[in-house]
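J.: here is a sequence with its predicted model. Questions after.
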Amino acid sequence: MHTVAILALDGTVVYDLAVPVEVFGRVRLPDGSRPYRVRVCGTQPDVPTAACTLHAPWGLEALAGAGTIVVPGREEDAGPPPERALEALRDAAARGARIASVCAGAFTLAAAGLLDGLPATTHWAAAARLAELYPRVEVRPDVLYVDNGQVLTSAGASAGLDLCLHMVRRDLGSAVAADAARLAVAPLEREGGQAQYIVHERPPVPRGSRLEPALSWIEDHLGEDLTLDVMAARCGMSTRTFGRRFREQTGTTPLQWLLRARVRRAQYLLEHSDHSVERIAGQAGFGSATAFRERFKRVTGTTPQAYRAAFRGGAR
């Protein structure tokens, strides 16, 4: 069972916290089992907010065992996040936990240094402030959410709902996510297609890592048959060592990274070329147009044709 820890700090916006509690808490697999265990964590058992006092049954130690951590927004006058909460988030990121924010929760992630050098979003009314306080963050005020692989951010609370459903879909597939969306009385995809609002970025790699040159080489050869063995050999590692170090340094697996790199290449070609879908499938390394359409939609939530229409002003 995957543990989702939701970090409640002083001044937490109640609705921002309720979104991940409800989404992950309601998810069911086809056999009726619950794939997620939801825990509300805090620096103290009772968390004061503007509207009420929240009870956090678990302390910060619960973050250490969580596969996903969600940080809700806080009231503007709540003050800086406690340093021990920031340290717990840094420790979780270092071990590879997925960390997401809802609305102004991005300020907490930025304070922890988890957004340095990354694109991120927050509520449009707070975007300028986020950019001012944390100049190392590439603030994207005009998207619903940003998925960097390990670290994810969303705009307002309703965009937090979109982000949580996106994570469910990434974990368990579209069918389970669609059922969760129905329970939340929300669309799995926004009207007009989610893809034009989502930024897919390459997961960060520590500077000087042996993976850096290999990943650049892989991106230059996406149209080739890139197996796990080929990528490991390029790094001079065994397949097992390569897979372990890759996850440690990027927060994802080599094949998941490769899929997103191919999707990014396809997105660029759909936006900047008149090539057919079949040709783009080959150039991005998907092998066939059918595989391209299926995998592109799995990652972006929309079809190649709809994506092109949104960014080029008309399908081709």
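T.: Happy to help now that I have it.

J.: domains for the protein, by residue range?
T.: 2-200, 211-312 (automatic domain parsing).

J.: which one of those domains is the most hemmed in?
T.: domain 2-200 (a mean of 19; mean count of other CB atoms under 10 Å). Yep, even glycine has a C-beta here, placed from its N, CA and C like the rest.

J.: ok, L17 to A62 distance?
T.: 15 Å (CB to CB, to the nearest Å).

J.: same check, this time on L226
T.: Where A62 is concerned, L226 sits at a distance of 38 Å (CB to CB).

J.: and if you look at E278?
T.: 49 Å.

J.: surely P213 forms part of a helix?
T.: Yes - counting by DSSP: H, G, I helix; E, B strand; the rest coil, P213 falls inside a helix.

J.: format the domains of the chain as a markdown table; extra columns: mean pLDDT.
T.: What follows is the domains of the chain, written out as a markdown table (pLDDT from 0 to 100):
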| stretch | mean pLDDT |
| --- | --- |
| domain 2-200 | 87 |
| domain 211-312 | 87 |
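
J.: return the strand or helix carrying G243 as CSV; C-alpha atoms alone will do.
T.: Assigned by DSSP states H and E, G243 belongs to helix 239-250. In CSV, the C-alpha atoms belonging to helix 239-250 read as follows (Å, rounded to 0.1, in the frame of the first residue of the first chain):
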residue,chain,number,x,y,z
THR,A,239,21.9,-2.9,-15.9
ARG,A,240,21.1,-3.4,-12.2
THR,A,241,23.5,-0.7,-10.9
PHE,A,242,22.3,1.7,-13.6
GLY,A,243,18.6,1.2,-12.7
ARG,A,244,19.3,1.8,-9.0
ARG,A,245,21.5,4.8,-9.4
PHE,A,246,19.1,6.3,-12.0
ARG,A,247,16.2,6.2,-9.6
GLU,A,248,18.3,7.6,-6.8
GLN,A,249,19.4,10.6,-8.8
THR,A,250,16.3,11.4,-10.9
